[in-house]
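Asker: pasted the sequence and its predicted model underneath.
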Amino acid sequence: MSEYPQLDKLVDGIRRRSDPAFADLYYLIGDALASFAFSMLRDHRAAEDAVQQAFLELVKAAPTIKGDGRSLRAWLFRSVRYTCLDEIRRRKRHPETPTETLPEQSTLIDDSPLGLDPDLEAALAQLTERQRALLTLRHVLELSGAEVAAAMEMKRPAAYAALARAERRLRSLLEGIESHAGAASLPMTDTEDLG
Amino acid sequence: MSGLDKQTTDRMRRAVEVEIDDQTKRAHLASISDALGDYAPTDAAAVSKTPKTLWWRMRVRALITAMVVVLPVGTAIAAENTVPGDFLYSVKLASEPIRSVFDSDVAARHRVAELEHLMDHPNQTDMLPSAVSSAEQAVTDLPMDHPLRDQLAMLTDMATDMMQPSPGGSGGTQHDGPMHDTPTDESSIDMPRDNTGETDLPSGSDAPKQSDMKSGDSTPPNMDTDGMTDGASDTEGMTDTGSTGQGSTGTGSGDHTHQGGSTDMGGSDNPGAPGDGQNDG
């Protein structure tokens, strides 16, 4: 048994394409998958579509799923990631809005919860989709290092290294943004003193 | 691995975590159920290996098995009629120990066939030394009473004769065929006879050459001809190897008696051998 006993119990039902097993799985992991997709796409509706697509792919591939609940979980995250990458490529080919008006790699839409934290939004917008995915998997969804590596299809040392770089970049960006914002809010004399 | 402080992590969580609303969840589950309806319920026993997968695995295994079985057997069959110098000859040699488990004569028959082939094809005589060497080894390995032994020994002698320099060379005048009677190099014929019980030499033997004493236990004294001495009679017995087939016909003339013993003795470096007296006779 893995650290996901509930998922472990569902694996056999998923392999048999049992409807209740799929429903249970969806309720168990659907929101986490949606958060992961949202971190990459920054679009709530597209994130939900990615989750649905992942489950439809799972219906096709169910009998070939190997391993325990942990493997099943990693499989779903991988599937969501593929769907998100397809969507990102599609957007690049057919941009619905002029890309010049958006920050790099940013496709944030108005109903995003990111709008509540503009500094973080600005920092995340400057990360690559891979870095956002790594940070989300590790720090938001709290996957282990091995699970992150499996979901991102990376070697574990490479996943650790990439995650460390993403964390440094985010810290640096946040510090820069917040110091800039703080400096902007300070009187000119204070700013000169800091320099 | 956590390289972010708790505050940043909480901010990320608040910013990124989303929940799928109930209406969307119901819609998703309905579409999933529809998709599941397109598939028949899967038998648990067939979950890990679908029939298609099994079919492919069986085909791959059958192919591998066929290659493992057919390739060596086919190569061995293809190598059956090779002669020294051919590409697959080493395969033929390598297969002989295995085949000899079922057919103890296979190596001898191969050597006979090889020698006959090479002797019939003058353009391949350059491979004769190798074939002769193999054949001599085969003669050594065969039991004394083996029916192929004499045939193989005779062919070896004939092949050795073909390898000799053309007439005009040293001793060439006596090489008018495979069956000449000039005794020379005893070693080539003495070797197979090392284990034939030379201790049964007649007591009256007047110490002929050691090589002469090695062989003739099977030749009765009355086979000796031309007034040979006891020592000579031993030589006769030794030469029996090469002439058993022919020698069985009777008393054996001088020439005939020397067929086996002297064919390999193609030189004249042993003038004192008892057989010389016969030749002279």
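Answerer: Yep, it's here. Numbers count the residues shown, from 1 in each chain, chains lettered A, B, ... in the order given.

Asker: quick one, longest helix in chain B?
Answerer: If you go by DSSP state H, chain B has its longest helix at helix B:51-78.

Asker: what's that one packed up against?
Answerer: The contact analysis (3 or more Cβ pairs under 8 Å, 6 or more residues apart in numbering or on different chains; DSSP states H and E) places helix B:51-78 against helix B:89-99. (Each C-beta comes from the backbone N, C-alpha and C, glycine too.)

Asker: against residue B:78, how distant is the closest residue to residue B:13 other than its chain neighbours?
Answerer: Excluding the flanking residues, the one nearest residue B:13 by Cβ to Cβ, 6 or more residues apart in numbering or on different chains is residue A:140, at 5.0 Å. Per Cβ to Cβ, to the nearest Å, residue A:140 is found 67 Å from residue B:78.

Asker: these two - which one has more neighbours?
Answerer: Each of residue A:140 and residue B:78 has its neighbours counted (other Cβ atoms under 10 Å in any protein chain shown); residue A:140 has more, 21 against 13.

Asker: show me the contacts for the more buried one.
Answerer: By Cβ atoms under 8 Å, 6 or more residues apart in numbering or on different chains, the contact list for residue A:140 reads A:35, A:39, B:9, B:12-13, B:16-17.

Asker: please, which helix or strand holds residue 11?
Answerer: No chain specified, so I'll use chain A. Counting by DSSP states H and E, the element that carries residue A:11 is helix A:5-15.

Asker: my bad, chain B
Answerer: Using DSSP H and E, the element containing residue B:11 is helix B:6-16.

Asker: now the element after that helix, going C-ward?
Answerer: Following helix B:6-16 toward the C-terminus (DSSP H and E): helix B:22-37.

Asker: can you tell me what sits against that following helix?
Answerer: Counting by Cβ under 8 Å, 6+ apart, A:17, A:19, A:22-23, A:26-27, A:30, A:48, A:51-52, A:55-56, A:59-60, B:20 sit against helix B:22-37.

Asker: can you tell me the closest non-neighbouring residue to the residue in chain B that chain A sits nearest to?
Answerer: Residue of chain B nearest chain A, by Cβ to the nearest Cβ: residue B:3 (3.5 Å). With sequence-adjacent residues excluded and distances taken as Cβ to Cβ, 6+ apart, residue B:3 is closest to residue A:167, at 3.5 Å.

Asker: so what pLDDT did the residue positioned nearest the centre of chain A get?
Answerer: By Cα atoms, centre = their mean, chain A has its centre lying nearest to residue A:36, at 3.1 Å. Residue A:36 is assigned 92 on the pLDDT scale.

Asker: so for the helix holding residue B:11, mean pLDDT?
Answerer: In this model, helix B:6-16 has an average pLDDT of 86.

Asker: can you read off the pLDDT for residue 193?
Answerer: Let's take chain A. Confidence at residue A:193, expressed as pLDDT, is 40.

Asker: look at chain B instead
Answerer: Model confidence at residue B:193, given as pLDDT, is 43.

Asker: could you point out the longest helix of chain A?
Answerer: The longest helix of chain A (DSSP H) is helix A:156-185.

Asker: now do the buried residues in that helix.
Answerer: A:159-160, A:162-163, A:166-167, A:169-170, A:173-174, A:177 (16 or more other Cβ atoms under 10 Å in any protein chain shown).

Asker: what do you get for stretch A:29-38?
Answerer: Within stretch A:29-38, the residues that count as buried by 16+ other Cβ under 10 Å are A:29-38.
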